[in-house]
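Student: mind looking at a prediction? Sequence and model below.
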Amino acid sequence: MNWHSKQGCRGAVIQLIAVLRYETLFHFISYFFIISMNDIRAVFDIWNESIRAVVFWKDNNKDVVLAKQTEVMQGMRKGKILDMEAFTSTLNKVLDGFIRKLGGDFIDRVYVWVSHPEMIVNRIVEGKRIMTEEVWDADVEHLSRIVSEIALINNYEIIKIVPVAWIIDEQFREKDPIGLKCKKLELQADVFLIPKNFYNALMDIFDKKLGIEIADLIPNILAASEIVMDYDQKDLWTILIDIGKNQTSYVIYEDGFPLWYGTIGLGWENVTKDISIGMQVDIKEAEEIKKTTWVVVIDPSTKYETSLDMNFLTEIISARYEQIFDRINSHLKSLDKDGRLPWWILLLGGWSKIQHLEYFAKDMFKLAAFYGKDNVVNLWDISNNVQFLNVLGCYYRSQKYEWEWGRVNFPVNFGKIWTKIKDFFGNLF
């Protein structure tokens with residue numbers, strides 16, 4: 001082998017070593033970078049008035065808020081996306097805010113808290129005979145598949161199927177049936193559905209227009225119940241009521257299990273219209289009246305500095321809340337639980353904070369009523385802000401069922417992060 005051949009081989013070897021070093025270093029740093037990015041979670045609260053979003057980070061198993069952003073909603077009303085461009089622009093404002101606060105574009109996928117006035121929640125029970133000595137994974141998968149098939153409704157999309165309980169031989173309710181001996185196994189599950197056109201529009205906007213994956217869609221009442229209700233409250237019978245702009249959602253718990261979910265297509269926007277009609281004022285002035293007075297029951301000891309007829313105004317406001325609570329009470333009657341099921345009422349949602357609503361609810365339901373609060377995450381100002389409780393619940397649930405229970409597994413999407421790292425090392429070498 002001549003000198004030039006030796007030099008050529010040596011050069012090839014050096015190049016090979018450089019490539020190996022590059023690939024090894026690239027994958028090494030990529031791996032740890034992706035691991036750290038997996039600790040970052042962006043949660044979006046999409047509802048009709050605004051979009052609230054928070055970026056969370058796990059630092060040595062400690063929850064940290066990296067950034068939060070709120071933008072006034074544009075392009076959506078009453079659960080319908082009326083202007084795709086305006087709606088996308090609102091989401092882009094949130095993402096741009098995160099880029100400024102985080103110093104880079106680190107959001108590759110999001111968890112979305114969703115509420116909708118036309119959301120449907122169905123309770124389905126399906127059973128099968130167990131042909132072996134005990135329940136196997138295959139039995140559970142078989143029943144789960146059957147429920148997902150029979151739960152379909154035309155023009156609706158299933159966003160969540162939540163097992164309530166597994167019933168053993170029509171007698172015992174269990175959270176996990178694997179390994180138990182029985183002759184019959186039944187799955188009792190709640191199926192959450194939203195209109196298909198809204199679901200498709202939401203997925204298209206995030207995927208095609210924003211280039212971001214929706215890791216999970218979490219119904220509002222599921223998220224809320226994760227952090228504002230502890231085990232004792234669920235066990236000792238409680239109703240959680242989440243009052244939104246266009247809808248009110250609620251869940252009734254009994255003996256640690258959700259007895260039933262409900263959605264009512266009424267919210268505080270209806271109160272605004274009532275004030276506008278009753279007080280004969282413009283809708284914007286009615287909104288301002290609602291925000292400044294914000295009272296459902298007159299407190300005799302309070303002096304109200306306004307020229308408005310407060311007695312008449314509170315009659316208008318209380319009539320709408322009475323209608324909402326009456327609907328829930330009617331549901332309790334249909335379950336033969338009115339007046340004696342819950343030990344207390346928990347109120348949630350930005351407009352549950354209207355003055356003295358807890359006393360009004362207590363009078364309506366003949367039960368103790370309180371405002372819901374974060375009992376789990378405890379992140380200071382976020383946890384103390386009722387506007388962000390659903391975001392916190394969504395964040396907590398996304399961790400609980402993806403990592404702890406392993407029921408929901410989404411592949412890591414390297415996306416923009418992978419490309420940036422590769423370009424960086426390409427330029428470096």
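Tutor: It's in.

Student: contacts only, for I214.
Tutor: R109, V110, Y111, V112, L202, M203, F206, D207 (CB atoms under 8 Å, 6 or more residues apart in numbering). No exception for glycine: its C-beta is placed from N, CA and C like everyone else's.

Student: the first one against D216, yeah?
Tutor: Translated: R109. No. With contact defined as CB atoms under 8 Å, R109 does not reach D216; the gap is 9.2 Å.

Student: restricted to helices, list the contacts of I214.
Tutor: L202, M203 (DSSP state H).

Student: possible to save the contacts of I214 as JSON lines with distance to E71 and neighbour count?
Tutor: Converted to JSON lines, the contacts of I214 look like this (distance: CB to CB, whole Å; neighbours: other CB atoms under 10 Å):
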{"residue": "R109", "distance to E71": "19", "neighbour count": "19"}
{"residue": "V110", "distance to E71": "14", "neighbour count": "23"}
{"residue": "Y111", "distance to E71": "18", "neighbour count": "23"}
{"residue": "V112", "distance to E71": "15", "neighbour count": "22"}
{"residue": "L202", "distance to E71": "16", "neighbour count": "22"}
{"residue": "M203", "distance to E71": "20", "neighbour count": "15"}
{"residue": "F206", "distance to E71": "15", "neighbour count": "19"}
{"residue": "D207", "distance to E71": "20", "neighbour count": "12"}
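
Student: out of the contacts of I214, who's nearest L332?
Tutor: V112 (30.7 Å; CB to CB).

Student: you'd agree the closest one is up against D216?
Tutor: Yes. The criterion here is CB under 8 Å, and V112 meets it with D216 at 7.3 Å.

Student: point out where the stretch 1-150 of the chain drops to low pLDDT.
Tutor: Residue ranges of the stretch 1-150 of the chain with pLDDT under 70: 1-38, 48.

Student: show me where it has its helices.
Tutor: Along the stretch 1-150 of the chain, counting by DSSP state H, counting those that start in this stretch, helices occupy 3-38, 84-102, 137-150.

Student: can you name the element that comes right after the shortest one?
Tutor: The one in question is helix 137-150. Going down the chain from helix 137-150, the next helix or strand is strand 156-168, by DSSP states H and E.

Student: give me the number of residues near L346?
Tutor: 27 (other CB atoms under 10 Å).

Student: and it, backbone torsions?
Tutor: phi -110, psi 130 (degrees, to the nearest 10).

Student: that one: what's it in contact with?
Tutor: Counting by CB under 8 Å, 6+ apart, L346 has contacts V228, M229, Q233, T238, I239, L240, I241, A369, F370, Y371, G372.

Student: next one, pLDDT for the second one please.
Tutor: So the one you mean is M229. On the pLDDT scale, M229 is placed at 89.

Student: and for the fifth one?
Tutor: At I239 the predicted local distance difference test score is 91.

Student: how about it, secondary structure?
Tutor: Per DSSP: H, G, I helix; E, B strand; the rest coil, the local secondary structure of I239 is strand.

Student: E85: neighbouring residues, count only.
Tutor: So E85, with other CB under 10 Å, has 11 neighbours.

Student: can I assume it is in contact with M76?
Tutor: No. Counting by CB under 8 Å, no contact exists between E85 and M76, whose distance comes to 11.9 Å.

Student: with the contacts of I214 in mind, which one is nearest to K290?
Tutor: V112 (28.1 Å).

Student: and the closest one, bridged to which residues?
Tutor: Beta bridges link V112 to F44, L217, judged by DSSP bridges.

Student: against K160, how distant is it?
Tutor: In this structure, V112 and K160 are 12 Å apart, going by CB to CB, to the nearest Å.

Student: next: F312.
Tutor: 43 Å.

Student: settle it for me: which of the two has more neighbours?
Tutor: Set F312 next to K160 and count neighbours by other CB under 10 Å: K160 wins out with 18 against 10.

Student: where along the stretch 151-300 of the chain do the strands fall?
Tutor: 156-168, 172-174, 184-195, 213-219, 238-243, 248-254, 257-264 (DSSP state E, counting those that start in this stretch).

Student: this completes my enquiry, with thanks.
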